[in-house]
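S.K.: What would the 3D arrangement of this be:
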Amino acid sequence: MRLQIRGMTPLKGIFGMCLLLLSGEYVSSTMTVDIPQKEYKVARGDNATIPCKFTPQVGDVDVVVAWSTDSGPPDNPEVTVAKYLFNPATPNTKIPYIAKSYKGRATLQHDVPKGIANLQLRGVTSTDTRSYECNVQNMADEEGSDSDTANLVVLVAPSTPICKIVGVAEYGQNINLTCLSEEGTPKPIYKWQNNDVNNIPRPNPPKTTDQNGILSLYNISKDTSGFFICTSTNEIRSEKCNLTLAVMQPSINMVFMFGILGAVAAAVLILGVIIYFCCCRKKNKPEEYEMGR
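M.R.: Here you go, the predicted model:
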């Protein structure tokens, strides 16, 4: 190409090439792709947007934007989520390709001349937690390709925890109060609160431990009785469960046990007396008969 400048003859050689470079014709800018954050967190069921910015290309060049994820099988770990071919001759006429498994959920928000290619996912689930890659390629330049990755983390609120008493609630016994949420991402943190029988907060008894949702109570007594509340918490919100602990005195159980043993002993004694008299009566009948003769 020859560049004409008014009042000057055609420029040739190195000086002319420099002007061509400065003019920007036939030269594409260096490709850079950037996802602002390395991790994006969103609650389950909400919509997620992973932004992708790249260097707008100079001149009439085709550009391919592709989003992929690592959700595929072992032999093909990378799966394309969305893809778009930008042709400057027919801008905004092509519809982005969306993978079958993402139909109706994934959208590519694109503005190639401005360097924008954002991925949107609607109604995310826990299975959407993975790494996503944004790749942009300048088709006129073999080296004009770059990419960036980010992790999407789908947060799940804790489910209502289940509280249980493990052990026998009697004087002098050791028992555990357990608390567990079946769902929760990230993993919930558990905390027990201890209230007396009047529902007034109080410190835990000596030697008590509270770890991973298990409240261990040692050498319990009547004073250990009360209301116990467990709170399960993560980044989304918290849920609670509660239980009532009534510690029984061993003497009550022993009286009950002795009562049963006494009743059994009495029954055995009565049965023995009946058997004895029956046997004696059978022995006396022949003698009475002989005397009657």
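
S.K.: alpha carbons only for contacts and neighbour counts from here, please
M.R.: OK.

S.K.: Would you state the strands of the stretch 151-293 of the chain in chain order?
M.R.: 162-166, 175-180, 189-195, 209-211, 214-217, 226-233, 238-245 (DSSP state E, counting those that start in this stretch).

S.K.: Relative to the shortest one, what are the paired strands and their orientations?
M.R.: The partner list of strand 209-211 in its sheet, established with DSSP bridges, is strand 214-217 (antiparallel).

S.K.: ok, now the second one?
M.R.: Strand 175-180 sits in its sheet next to strand 162-166 (antiparallel), strand 214-217 (antiparallel), going by DSSP bridges.

S.K.: What pLDDT is listed against G259?
M.R.: We have a pLDDT of 63 for G259.

S.K.: circling back: columns mean pLDDT, distance to T129 and mean neighbour count on top of the strands of the stretch 151-293 of the chain, output as JSON lines?
M.R.: Shown next, in JSON lines, are the strands of the stretch 151-293 of the chain (pLDDT from 0 to 100; distance: least, C-alpha to C-alpha, whole Å; neighbours: other C-alpha atoms under 10 Å):
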{"stretch": "strand 162-166", "mean pLDDT": "97", "distance to T129": "26", "mean neighbour count": "16"}
{"stretch": "strand 175-180", "mean pLDDT": "98", "distance to T129": "23", "mean neighbour count": "21"}
{"stretch": "strand 189-195", "mean pLDDT": "97", "distance to T129": "21", "mean neighbour count": "19"}
{"stretch": "strand 209-211", "mean pLDDT": "96", "distance to T129": "28", "mean neighbour count": "15"}
{"stretch": "strand 214-217", "mean pLDDT": "98", "distance to T129": "29", "mean neighbour count": "20"}
{"stretch": "strand 226-233", "mean pLDDT": "98", "distance to T129": "20", "mean neighbour count": "21"}
{"stretch": "strand 238-245", "mean pLDDT": "97", "distance to T129": "21", "mean neighbour count": "17"}
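
S.K.: Could you double-check that D210 sits in contact with W192?
M.R.: Yes. Between D210 and W192 there is a contact at 7.1 Å, judged by C-alpha atoms under 8 Å.
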